[in-house]
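Novice: Sequence first, then the predicted structure:
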Amino acid sequence: MTLNKLIRYSLLPVLLAVHAPAWAALERVDDFALLDQRGEFHQLSRYRHVRALAVMAYSAECPSMAGMAEHFTRLAGSFGSRGVSFVFLDIEGLGRERLRALELEMPILDDAGQIVSAALEFGQAGEVALLNPERLSLFYRGAADSGFEQAMEVLLADGIADSIRAPLESGCPLEFPVREAMLAEPPDYVSEVAPRIIENCGMCHRRGGVGPFALDSYLMLLGWSPMIREVLLNKRMPPMQVDSHIGSSGDARHIGVEDLQVLVNWIDAGAPGTTSGEADPLQALAEPPAREWQLGEPDYIVQSPRQDIPPTGVLDYTYEVAELSFNEEKWVRALQYLPGDESVLHHLMTFVTGDGEDFWGAERHTENSTRRFLDGYAPGQDLLREFAPGTGVRIAPGEKLSMQFHYVTNGQTTSDATRIGLYFTDKPQGREILTEAVSTRFLLPPNVSEFPLRANRKIEREIVLIGVRARMNYRGKKMKFAYQAPGEPLREIFSVPAYNYGWQPNFRLDEPLELPAGSTLHVIGAFDNSISNPNNPNPDAELRFGVESWEEMFTGYFTYYHAQ
């Protein structure tokens, strides 16, 4: 070895130490996600487009809170444009209305159940945590004083190598009564934990289900408990995240505050299991449920072509057409999907189309179009769809069904041949179910974390709205559905604040909504074409509207029938 090489290799450990990344000694924190007082979605790991996220524990009951909050807001004005985002964290679970009444301009995250407050280890109201979204770690914890300001300056200049902790003397001690009680006496696995797993997770995470593992025993639940805790905190699961304060749909897999408290605190308490001799309730998920036609033999069965699914890889959408042999007009009053292999069928959408139309129909060329959407299949939903009496989806002679399949791989070679059972009415319906596709054209610039968009369409006749569906591609961030009646303010119908391209359910409204003639349908949302979007294949790309998966689209679907 030459002398130069000897010197270079001898200095390598020193160089590695000097140039070690700044995050090496930072304390880890949990990723988390919450909605704020306006229904906006916030997730720590989706703040990667900024250098840091500053979070202040907020308590309206703390006497010194007003002054600390005012100072925190002033710091947001100084550092917000320099790469630090600021939010409050409500640790009291005040609720949406009371949080809005505080009239804070800055986002205040609603931590009902104190799950996130405990995970971030807040001890006092007014305490600040300066977090690293890139590495899920802690830069600073303490008072929002000159030390906090200095820490931000150091971070923006050179970076922070070690987590900084500073005392907080003027705050109010926080209490976590529910958590402390559950840690002292953990929730019972048989009566409290397992039933919640079955209710919230069992539709997919069972033997033969689309979930990547089956939670069919205590040992399986114990083994996956760290991941379960993670996905509950950051709201990856249950999927189809909606804002439960705006509209209501049984198709949304919403998990309640009490369920979250029981599951997370049980895991943190060590996940104790059954006592000797007790039956394991999760054994109910060990056998796939028997699938049968819930309304008896259908009037007509559509057999989709067999799809061979490889064991690994990411699969693009598959489009198929089912030719129908109808010589007369048919009205569908109900339908049921029977997947060939539920473990790989992730979703299926079905439209009625005519000659020369493909799955997308007029949507390829026009911003607004009226279509006949039969319905969709998504994991965790009831396979049977029944329409309201006196309504139905019309299929004319010579028309067909155009279907879009989304498959996922599960490590095994398999195949799927899904069937769709159609149930007809004895006589034509007076109220036809239609779907309004409301979209807009756009040019999406690169590296933008929030690119807002709106689309609208005026309706001429009174309608009864029965469902909505959001459709964007990988860069979709959020979508909200609203309407404005003549002379009235805008009214929100339904909100998907955490859009995920992988989950595209059709949300049937629990309560149909009557919209008067002359109303305008509104779709309000945004894209995230930045590094903060974990689904984004290329934040440097500039994109235009298009219906293919490698393009981007912004379409809201309103399903309805005309009022009599």
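Specialist: It's in. Numbering: from 1, shown residues only.
Novice: how does this structure divide into domains?
Specialist: 21-175, 178-285, 291-429, 432-564 (automatic domain parsing).
Novice: Point out where the protein drops to low pLDDT.
Specialist: Across the chain, the ranges flagged by pLDDT under 70 are 1-24, 276, 428-430.
Novice: For it, which segments are assigned as helices?
Specialist: Secondary structure of the chain (DSSP state H): helices at 3-18, 65-79, 96-101, 115-119, 146-157, 177-184, 194-201, 218-233, 257-268.
Novice: Just the buried residues of the last one, please?
Specialist: Buried residues in helix 257-268, counted by 16 or more other Cβ atoms under 10 Å: 259-268. (Glycine included, C-beta is placed from N, CA and C.)
Novice: Equivalent analysis for stretch 496-503, please.
Specialist: So for stretch 496-503, counting by 16+ other Cβ under 10 Å, buried means 496-501, 503.
Novice: Between the two ends of that stretch, how far is it?
Specialist: 11 Å (Cα to Cα, to the nearest Å).
Novice: do stretch 374-382 as well
Specialist: Distance between the two ends of stretch 374-382: 15 Å, counting by Cα to Cα.
Novice: Flag every buried residue along that stretch.
Specialist: Across stretch 374-382, burial judged by 16+ other Cβ under 10 Å covers 374-381.
Novice: Ok, stretch 448-461 next?
Specialist: For stretch 448-461, a neighbour-count test (16+ other Cβ under 10 Å) marks 448-449, 451, 453, 455-457, 459 as buried.
Novice: can you list the helices of the chain in a markdown table and add distance to V87?
Specialist: Formatted as a markdown table, the entries for the helices of the chain read as follows, by distance: least, Cβ to Cβ, whole Å:
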| stretch | distance to V87 |
| --- | --- |
| helix 3-18 | 35 |
| helix 65-79 | 9 |
| helix 96-101 | 12 |
| helix 115-119 | 11 |
| helix 146-157 | 15 |
| helix 177-184 | 22 |
| helix 194-201 | 27 |
| helix 218-233 | 16 |
| helix 257-268 | 20 |
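Novice: G296 is nearest to which of those?
Specialist: helix 194-201 (27.7 Å; Cβ to Cβ).
Novice: Which of the residues in the closest one are classified as buried?
Specialist: Buried residues in helix 194-201 (16+ other Cβ under 10 Å): 194-198, 200-201.
Novice: Which one of those is nearest to D188?
Specialist: For the buried residues of helix 194-201, the nearest to D188 is A194 (9.0 Å; Cβ to Cβ).
Novice: Contact partners for the closest residue to that closest one other than its chain neighbours?
Specialist: Closest residue to A194 apart from its sequence neighbours, by Cβ to Cβ, 6 or more residues apart in numbering: P281 at 3.9 Å. Going by Cβ atoms under 8 Å, 6 or more residues apart in numbering, P281 touches 190, 194-195, 198.
Novice: of all the residues you listed, which two lie farthest apart?
Specialist: V190 and I198 (11.6 Å).
Novice: what is N368 paired to in the beta sheet?
Specialist: Beta bridges link N368 to V438 when assigned by DSSP bridges.
Novice: What of A334?
Specialist: E386, Y423.
Novice: pretty sure it is touching A388, no?
Specialist: No: applying Cβ atoms under 8 Å, one finds A334 not in contact with A388, separated by 10.7 Å.
Novice: And those two? Which one has more around it.
Specialist: More crowded of A334 and A388, by other Cβ atoms under 10 Å: A334, with 20 against 14.
Novice: contacting residues around that one?
Specialist: Contacts of A334 by Cβ under 8 Å, 6+ apart are 295, 384-387, 422-423.
Novice: E27 too?
Specialist: E27 neighbours (Cβ under 8 Å, 6+ apart): 137-138, 163.
Novice: So which of those belong to strands?
Specialist: Of these, the ones assigned to strands by DSSP state E are 137-138.
Novice: tell me which of the contacts of E27 is nearest to G171?
Specialist: L138 (17.7 Å).
Novice: Provide a list of residues in contact with the closest one.
Specialist: Per Cβ under 8 Å, 6+ apart, neighbours of L138: 26-29, 129-132, 163.
Novice: do you know how far it is from I164?
Specialist: Distance of L138 to I164, given as Cβ to Cβ, to the nearest Å: 8 Å.
Novice: swap in Y337?
Specialist: From Y337 to I164 the distance is 55 Å (Cβ to Cβ).
Novice: Looking at these two, which is more packed in?
Specialist: Counted by other Cβ under 10 Å, Y337 and I164 do not tie: Y337 has more neighbours, with 24 against 19.
Novice: Would you point out the most distant pair within the contacts of L138?
Specialist: Pairwise distances across the contacts of L138 peak at 14.4 Å for R28 and L130 (criterion: Cβ to Cβ).
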